[in-house]
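Colleague: 3D, please:
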Amino acid sequence: MIFPASDSLPVTADFYPGNADEPYILLFHDEDGSRGEYRNIAPRLVRIGYNCLAVDLRQGKESHFVSDETARRADSLHLYPKKSDCLKDIEGAIRYAVQRSHRPVVLFGSSFSASLCLLAAKNNPDVKAVVAFSPGEFFKPQLSVRDSLQGYDKLTLVAGAKFEYPYLIEISENIPDDKKTIFVPSQAEGEHGINALSESNPASNDYWLSLLMFFRNVKKL
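Modeller: A predicted model of the protein is given here:
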């Protein structure tokens, strides 16, 4: 399916349907990836009670033999987008999903898109919660994610590899403690970004458990 970004660029996404009355999780890929990153993940999220929309951002390449069509479209229009420009695609996805379901969404990002999800969620009544795998300061010196999150109030799971733990603590400093869960595996090194949920990751079951527990809390809201 295709919907407009907030600046009207056509954005490509794959829809993984659940029940029509269920809310949406919006899934965003890593810098060099595509919506294909979620081919094995979205169906599991559908089973816990959501519709899922895996979105091609305007900066990306390919994942699981799925090309980033939004990035190709942006290239053909000579837009030369920056990472931060992908926020327009996320805003368009939020608007599209809310128009379909009339319910607030959950944003789910990996690496740079995890940071954008946090930024998009702040003060946005159409966002209920955020899952941020390996967010970081990808937009300095123009923008500090940590500083931008002052006043943030969304229920949030921040996850990453064990070596990333200090960075996860720092970037989420302005998220209230009662709103955030920070997870890194205790018995393994883990993985950066959405690779944490891959079957090839020895700690994937630990990540999935933390994710399912988080969504249990989201459904209580």
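
Colleague: which residues are in contact with the strand or helix carrying residue 208?
Modeller: Using DSSP states H and E, residue 208 sits in helix 204-220. Around helix 204-220, the neighbours that count as contacts under CB atoms under 8 Å, 6 or more residues apart in numbering are 44, 48-49, 106, 128-129, 131, 155, 157, 159, 181, 183, 185-188, 190, 196-198, 201. C-beta here means a position set from N, CA and C on the backbone, and glycine is covered the same way.

Colleague: ditto for stretch 17-25
Modeller: Outside stretch 17-25, the residues touching it (CB under 8 Å, 6+ apart) are 42, 45-46, 49-53, 97-98, 100-101, 103-108, 128, 131.

Colleague: again, 6 Å this time
Modeller: Outside stretch 17-25, the residues within contact range by CB atoms under 6 Å, 6 or more residues apart in numbering are 45-46, 49-53, 97, 101, 103, 105-106, 108.

Colleague: quick check, distance from that stretch to the centre of its chain.
Modeller: Taking CA atoms, centre = their mean, to the nearest Å, one finds stretch 17-25 lying 17 Å from the centre of the chain it belongs to.

Colleague: what distance separates the start and the end of it?
Modeller: 11 Å (CA to CA, to the nearest Å).

Colleague: And stretch 39-53, by the same measure?
Modeller: Start-to-end span of stretch 39-53 (CA to CA) is 11 Å.

Colleague: So for that stretch, what gets flagged as buried?
Modeller: 39, 41-42, 45-46, 50-53 (16 or more other CB atoms under 10 Å).

Colleague: which residues touch residue 162?
Modeller: Here residue 162 is in contact with 184, 189-190 (CB under 6 Å, 6+ apart).

Colleague: Do a quick rundown of the helices in this structure.
Modeller: Residue ranges of the helices in the chain, as given by DSSP state H, are 42-46, 69-76, 87-101, 112-121, 145-148, 165-171, 204-220.

Colleague: Please point out which parts of the shortest one sit buried.
Modeller: Applying a neighbour-count criterion of 16+ other CB under 10 Å, the buried positions in helix 145-148 are 145-146.

Colleague: ok, the residue most central in space within the chain - contacts?
Modeller: By CA atoms, centre = their mean, the mean C-alpha position of the chain lies nearest to residue 109, the distance being 1.7 Å. By CB under 6 Å, 6+ apart, the contact set of residue 109 is 28, 117, 132.

Colleague: try 8 Å
Modeller: Residue 109 touches 28, 115-118, 130-133, 135, counting by CB under 8 Å, 6+ apart.

Colleague: Count residues in the vicinity of residue 32, would you?
Modeller: For residue 32, the neighbour count with other CB atoms under 10 Å is 13.

Colleague: got the contact list for it?
Modeller: Shown in contact with residue 32 (CB under 8 Å, 6+ apart): 60-62.

Colleague: and with 6 Å instead?
Modeller: Contact partners of residue 32, counting by CB under 6 Å, 6+ apart, are residue 61.
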